[in-house]
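Student: Dropping a prediction and its sequence here:
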Amino acid sequence: MRLLLDTVTFLWAVSSPELISRAAIFALAREDVVREISAVSLSEIAIKQARGKLTLRKEDLRRGLVDLQLRVLPYTAEHAWGLFDLPLHHADPFDRQIIAQALAEGIPVVTSDRAFRLYRNLNVIW
């Protein structure tokens with residue numbers, strides 16, 4: 001089974017794991033799970049860090065990828081094509097890309113963001 005962490009879930013896992021729900025922790029701890037993070041999330045974090053909205057260092061994030069055993073899921077043209085048909089339930093462009101990616105891959109997203117639940121056929125774990 002594959003799980004895609006959204007950006008805030010990854011950030012919380014690195015810096016404030018107590019904010020992650022029990023259901024999400026249980027799902028992520030399963031031995032048969034392939035934990036993934038979108039390349040889009042890495043871009044979002046880099047942009048927010050450059051703007052001073054995040055203080056985590058790049059080294060801490062790299063260590064988080066290793067510690068959490070996360071595989072980086074590349075963002076492809078197939079994922080981008082999904083944006084054309086995606087309802088505008090969520091205005092954040094990074095989250096929309098993650099939603100389109102999860103739908104194209106057919107994998108659940110681990111997120112506390114309630115707007116993700118508005119998308120039909122998107123499995124959300126929280």
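Tutor: Everything's here; your move. This is a predicted model, so every value here is computed, not measured.

Student: Going by C-alpha atoms from here, please, whenever you check contacts or count neighbours.
Tutor: OK.

Student: what about residue 67, how many neighbours?
Tutor: For residue 67, the tally of surrounding residues (other Cα atoms under 10 Å) stands at 11.

Student: scratch that, residue 41
Tutor: As a measure of burial, residue 41 has 22 neighbours, counting by other Cα under 10 Å.

Student: The closest residue to it other than its chain neighbours: what's it in contact with?
Tutor: Counting by Cα to Cα, 6 or more residues apart in numbering, residue 7 is the residue found nearest to residue 41 once chain neighbours are left out, at 5.1 Å. Shown in contact with residue 7 (Cα atoms under 8 Å, 6 or more residues apart in numbering): 37, 41, 42, 44, 45.

Student: Find me the pLDDT at residue 7, would you?
Tutor: If you check residue 7, the pLDDT there is 97.

Student: try the one 5 residues further on
Tutor: Per-residue pLDDT puts residue 12 at 96.

Student: so which helix or strand takes in it?
Tutor: Using DSSP states H and E, residue 12 falls within helix 7-15.

Student: One more: residue 40?
Tutor: Going by DSSP H and E, residue 40 is in helix 39-50.

Student: next helix or strand past that helix?
Tutor: Past helix 39-50, the next helix or strand by DSSP H and E is helix 58-67.

Student: Run through who's touching that next one.
Tutor: In contact with helix 58-67 (Cα under 8 Å, 6+ apart) are residues 13, 14, 71.

Student: run the last query once more with 10 Å
Tutor: With Cα atoms under 10 Å, 6 or more residues apart in numbering as the test, helix 58-67 has contacts from 10-11, 13-15, 35-37, 42, 45-46, 49, 57, 69-72.

Student: Pull the distance from the helix or strand just after that helix to the chain's centre.
Tutor: Sequence order places strand 70-73 as the next helix or strand after helix 58-67, per DSSP H and E. In this view, strand 70-73 has its centroid 10 Å away from the chain centroid, taken as Cα atoms, centre = their mean, to the nearest Å.
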